[in-house]
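J.: here is the input, now give the coordinates:
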Amino acid sequence: MAARTAQAPAALRSPAQIPLRPAVETRPRARAGRIPLTDASPRVPGGYPAKAFAGEVVPFRVVAFREGHDRIGVHLRLTGPSGEESLHRLTALKDGTDGWVAEVAIDLPGVWKYRFEAFADDFATWAHAAEVKADAGVDIPVMCALGAQLLTAAAAEPDRSAAERRALKAAAKRLKTPDADELHAVSTDETLLRAFAARPAASLGSVGEWMTLTVERPLAGVGAWYEFFPRSEGAVRRKDGTVKSGTFRTAAKRLPGVAGMGFDVIYIVPVHPIGTTNRKGRNNTLTAEPGDPGSPYAIGAPEGGHDAIHPELGTLKDFRAFVRAAKAQNLEVAMDLALQASPDHPWVTEHPEWFTTLPDGTIAYAENPPKKYQDIYPLNFDNDPDGIYAEMLRVVRHWVAQGVKIFRVDNPHTKPLEFWEWLIAEINAEDPDVIFLAEAFTRPAVMRALAAVGFQQSYSYFTWRNTKAELEEFLTSVSHETSDYMRPNLFVNTHDILTEYLQYGGRAAYRIRACIAATAGPVYGVYAGYELVENVARPGSEENIDNEKYEFKFRDWEGAEERGESLAPLLRRLNEIRRQHPALRQLRNISFHWSDDDAVLVYSKHLDAAFTGTGRPDTLIVVANVDPHSVRETTVHLDTRIWGVTPGDEYEVEDLLTGATWTWKDHNYVRLDAFAEPVHILRVKEPS
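T.: Purely as a prediction, here's the structure:
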C-alpha cells in the first residue's frame, strides 16, 4: 500500500463519483471558489516542492469553510509516482480555525501530486439540524420529509452496496411518518453516519490546485551517523615519533565496531591529497612540524584534487573496497564535499579565474572572522560560472560512480544558493537516492533556504540548545514549523564543535545529549571519541584540544569498553531502541509536557496503530534532567490523551534503559540523578 491514513473508512468514495453541482457561471470566475480552500500544506516558502521520506507520516492540512452554518467535507486526492490515486477524508480541527487535517503515511519514493477537494456535506447538514430540531420539537414534518428525500436519493446511487442501499431505504421509510423520536434516531444512526462518511451526499464543491511532494528514500529522513577520520584508524606511531597513517584497509577494521553500535551511516572527512603550502600544525598553529598531516580540508596537491585519493590512504580501488566493506556491515558511506582548495590544488594554476585575486596579485584565502584559514582558498563562482558549475558536477558524479550516495557538504552557505539548487537537481535527476547534508551553522533564513532548494538534511542549532526552554523552543520549531522541507540532523558534537556544555558537564552531559538527540529526532550523529567522553577543549575555543583535523588520534576502543569507561553500550542501546520503536523514526510527532523543575525536560513521541506496522500504537515518554551537575526531584504533568489514556487513569511504563517499570498517571514523581541515570526513556505499555 502506497499511502495509509489513520482511522480511514474502508472505501472512500472518489470525488469523480460525487455529484458536485457548481453554480452556473454568468460572470468572471472568482478566485475563492464556491467553498474556499486556503493555506494548503505541506508547503515550502518560495514555491518549492514539499519534501517527505518514505515511511514518513505526513500531515496534510487545509483551511476550508463556507457561508452560513451548513456542513462541509474535505478530501485529499493523492497521486503516486506510478499514477495510482488514493483518496483520504480530512478531519475538522476543533480549534476554531476552520482547519482540516489528514495524516497519511507515504511509503513510496518519487514525485507525488496532491490536491484538496471540498464539498457541501448534505447529510451532515441535515443530520445536525434534525438532531437539534428533534430535541427542540420543532419542524419535525419538514425535517423528516427532507431526510426521507435525501436517503432515498442516496439509496439509488449505483456505487453503494446492496446492504447499504437496504439500510438507506429502511431509514427513509422510518421518516415517512413525522416523529421526533424517529427523526433523532435516524439522524444519529451510526450505520448511516459511517455510510455517508465513506460516500458523502454532496453538492456544490471546490477543487484546489495540484501541489507537489517529493518523497525520498528512508535514509534521507531516518538514520544514525558516525563520523571518523580514516587516517587515524590503524595509524601507527614509529619508534622515532613519526606516524604512519592509517589506510582505507585499516580503517575498514573499525567498521564492525561502528555497525555493532547500531549506526547506519559512516561519515568520513575529506580523503583527498592535502596541500603543503601554509599547512596548519597541531592545534591550528600556523607552522607545521615535519610529519604533521595537515587539515584534510586543505584539499589539493600535486597528486591531485577533489577527484583524487590521498596516497597515504590508498588508491581509488582501496576506496571502493572500503565502500563495499561498509555496505557489508549495513553501513552507508557519507563523504565530505568541501568545495575549496589548498594553494597547491591543480585548479589554482589551471583555473585561476575560479578564485578571488586581490589588488596585490595574491589569491584571497578563506576567513570566517575571527577565524582565518591560510591553508585554504575559497572558490569564486562568478568569474566563470559555466566552467566552475560543470567541474563541481563532474566531481560529484565521479564519487557517485564510486558508490557514494551521501554527501556532507562543508559550509554550503558560502556558495551561491542558485548553485546548490542547480547541482542537487542535476544529481537527483540522475540518481534520486543521492542525499546532501548541509553543514551550515548560519542565520536561520539561510539554513532554511538551503533546505528549501534541495538539501535533504541540515545541521542545526541543536548543538547549542541545552536548557529546557531552549530545547523546547528549538525542537518545536524543527518538528512543526519547518518540517515540510527541513530535516535537522541532531549531531551532538563534530570535529569542529565541543560546546561548553560538554566541556564542563562531564560524562553526565554526554549521556544526556545522546539520549535527547537519539529520541527527539529521527536523524542524529556523533563524532568519534564521543563514546570516550573526549571533553578537553583547546583554551579559549569550542574545539577539542589536539584536534584531529591537524594530527592523528590514537584511541583504544575495545579497552575503554572493557574497563567500563566507554559510552558505546549506551549508544548501542539507544540505536536498538530507535530500531524497535517506529515512533522515534518520525520528526513531526513530538509533544511537550510540563514539569515543575526548569531543568527537567519532558516530551513524548506517539505513533498511531495505523502507522506502526504492528497494529499496535507506539508511545515513548522521555524525561531528561538537562543539568549535568545535579540530582533533580520533581513532578511531571502529562497530557495522556495523546496516547489514548483518559486523564487520571493508570497505565504501565517501562524504562527502556534500565528495565524498571512503574504505574503512572497524568501526574508523576520522578527523581533523576545526573551522575547515575539522568534520563528516563519510557515505553507506554498497552493494557493486557
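
J.: just checking, what's the longest helix in this structure?
T.: helix 500-520 (DSSP state H).

J.: mind giving me the packing neighbours of that helix?
T.: helix 468-476, strand 490-491, strand 523-527, helix 568-580, strand 600-607, strand 618-625, strand 679-684 (3 or more C-beta pairs under 8 Å, 6 or more residues apart in numbering; DSSP states H and E). Every C-beta, even on glycine, is put in place using the N, C-alpha and C of the backbone.

J.: nearest to residue 62, out of the ones you listed?
T.: Proximity to residue 62 (C-beta to C-beta) singles out helix 468-476 among those, at 22.1 Å.

J.: helices or strands up against that closest one?
T.: Using 3+ C-beta pairs under 8 Å, 6+ apart, the elements in contact with helix 468-476 are helix 500-520, strand 590-592, strand 600-607.

J.: and the ones you listed as JSON lines, adding mean pLDDT?
T.: Shown next, in JSON lines, are these (pLDDT from 0 to 100):
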{"stretch": "helix 500-520", "mean pLDDT": "98"}
{"stretch": "strand 590-592", "mean pLDDT": "98"}
{"stretch": "strand 600-607", "mean pLDDT": "98"}
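
J.: so which of the ones you listed is the most packed in?
T.: Neighbour counts (mean count of other C-beta atoms under 10 Å) averaged over each of the helices and strands packed on helix 468-476 peak at strand 600-607, with a mean of 23.

J.: same for it, what does it pack against?
T.: helix 468-476, helix 500-520, strand 590-592, strand 594-595, strand 618-625, strand 631-637.

J.: and stretch 67-84, how far apart are its ends?
T.: Distance across stretch 67-84, first residue to last, is 34 Å (C-alpha to C-alpha, to the nearest Å).

J.: what are the buried residues along that stretch?
T.: For stretch 67-84, burial by neighbour count (16 or more other C-beta atoms under 10 Å) applies to 70-80.

J.: dump the residue contacts of residue 256.
T.: By C-beta atoms under 8 Å, 6 or more residues apart in numbering, the contact set of residue 256 is residue 329.

J.: so that it lines up with my notes, have the first residue be 6 from now on.
T.: All right, first residue 6 from here; so that's residue 261.

J.: assumed it was part of a helix.
T.: Yes - assignment of residue 261 by DSSP: H, G, I helix; E, B strand; the rest coil places it within a helix.

J.: sorry, back to before: nearest to residue 94 among the buried residues of stretch 72-89?
T.: Closest approach to residue 94 among the buried residues of stretch 72-89 (C-beta to C-beta): residue 80, at 6.0 Å.

J.: kindly reformat the helices and strands packed on helix 505-525 as TSV containing distance to residue 222.
T.: Supplementary listing: these in TSV, determined by distance: least, C-beta to C-beta, whole Å:
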stretch	distance to residue 222
helix 473-481	24
strand 495-496	20
strand 528-532	13
helix 573-585	17
strand 605-612	20
strand 623-630	22
strand 684-689	27
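
J.: out of these, flag the one nearest residue 305.
T.: Residue 305 sits nearest to strand 528-532 of all the helices and strands packed on helix 505-525, at 24.3 Å, using C-beta to C-beta.

J.: run the angle between the closest one and helix 573-585 for me.
T.: 160 degrees (axes from the mean of the first three to the mean of the last three C-alpha atoms, to 10 degrees).

J.: each with direction, which strands does strand 528-532 pair with?
T.: Strand 528-532 has its sheet partners listed here by DSSP bridges as strand 228-233 (parallel), strand 495-496 (parallel).

J.: now that strand - C-alpha only, PDB.
T.: C-alpha atoms of strand 528-532 as PDB (Å, rounded to 0.1, in the frame of the first residue of the first chain):
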ATOM      1  CA  VAL A 528      18.300  11.700  12.400                       C
ATOM      2  CA  TYR A 529      21.300  12.300  14.700                       C
ATOM      3  CA  GLY A 530      25.000  11.800  14.700                       C
ATOM      4  CA  VAL A 531      28.200  11.700  16.800                       C
ATOM      5  CA  TYR A 532      31.800  12.300  16.100                       C
END
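
J.: and for it, what's in contact with it?
T.: Here strand 528-532 makes contact (C-beta under 8 Å, 6+ apart) with 226-233, 270, 272, 462, 492-500, 519, 522-523, 576.

J.: swap in stretch 399-415?
T.: With C-beta under 8 Å, 6+ apart, stretch 399-415 has contacts from 224, 270, 272, 302, 311-312, 321, 324-325, 328-329, 332, 337-345, 425, 428, 432, 435-436, 438-444, 460.

J.: okay, and which of the residues you listed map to strands?
T.: Using DSSP state E, the subset of the contacts of stretch 399-415 located in strands is 270, 272, 337-342, 345, 440-444.

J.: residue 55 pairs with what?
T.: Taking DSSP bridges as the rule, residue 55 bridges to residue 218.

J.: my read: it touches residue 64, true?
T.: No - between residue 55 and residue 64 there is no contact under C-beta atoms under 8 Å: 11.1 Å.

J.: any common contacting residues for those two?
T.: Contact criterion C-beta under 8 Å, 6+ apart; residues shared by residue 55 and residue 64: 46-47.

J.: contacting residues for the nearest residue to residue 416 once chain neighbours are set aside?
T.: What sits nearest to residue 416 in space, not counting adjacent residues and going by C-beta to C-beta, 6 or more residues apart in numbering, is residue 444, at 6.5 Å. Residues in contact with residue 444 (C-beta under 8 Å, 6+ apart) are 413-417, 464.

J.: what residue is smack in the middle of this structure?
T.: residue 492 (4.0 Å; C-alpha atoms, centre = their mean).

J.: can you give me every residue that contacts the residue lying closest to residue 142 once chain neighbours are set aside?
T.: Among residues not flanking residue 142 along the chain, residue 185 sits closest, at 5.8 Å (C-beta to C-beta, 6+ apart). Going by C-beta under 8 Å, 6+ apart, residue 185 touches 139, 142, 145.

J.: neighbour count for those residues - can I get that in TSV?
T.: What follows is the contacts of residue 185, written out as TSV (neighbours: other C-beta atoms under 10 Å):
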residue	neighbour count
139	23
142	9
145	20
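
J.: follow-up on the earlier one: per-residue pLDDT, the residue nearest to residue 416?
T.: We have a pLDDT of 98 for residue 444.

J.: for it, give its distance to residue 656.
T.: 42 Å (C-beta to C-beta, to the nearest Å).

J.: how many residues are close by residue 432?
T.: Residues near residue 432, counting by other C-beta atoms under 10 Å, number 21.

J.: so what's the residue count around the nearest residue to it once chain neighbours are set aside?
T.: Spatial nearest neighbour of residue 432, excluding adjacent residues (C-beta to C-beta, 6+ apart): residue 439 at 5.1 Å. Look at residue 439: counted by other C-beta under 10 Å, it has 21 neighbours.

J.: still on that earlier bit, the more surrounded of residue 55 and residue 64?
T.: Each of residue 55 and residue 64 has its neighbours counted (other C-beta under 10 Å); residue 55 has more, 21 against 15.

J.: most neighbours among the ones in strands among the contacts of stretch 399-415, which one is it?
T.: Counting neighbours by other C-beta under 10 Å, residue 443 comes out on top of the ones in strands among the contacts of stretch 399-415 with 29 neighbours.

J.: these two touch, right, that one and residue 460?
T.: Yes - counting by C-beta under 8 Å, residue 443 touches residue 460, with 4.2 Å between them.

J.: identify the contacts common to these two.
T.: With C-beta under 8 Å, 6+ apart as the test, residue 443 and residue 460 both reach 414, 417.

J.: what are the ranges of the strands in the stretch 256-405 of the chain?
T.: Secondary structure of the stretch 256-405 of the chain (DSSP state E, counting those that start in this stretch): strands located at 270-273, 337-342, 345-346, 371-373, 376-378, 382-383.

J.: so for residue 260, which of these sits nearest?
T.: strand 270-273 (6.6 Å).

J.: quick one: strands adjacent to that closest one?
T.: With DSSP bridges as the test, strand 270-273 pairs up with strand 228-233 (parallel), strand 337-342 (parallel).

J.: related to what we said a few turns ago, for residue 559, which of the helices and strands packed on helix 505-525 is the nearest?
T.: Closest among the helices and strands packed on helix 505-525, once you apply C-beta to C-beta, is strand 528-532, at 16.1 Å.
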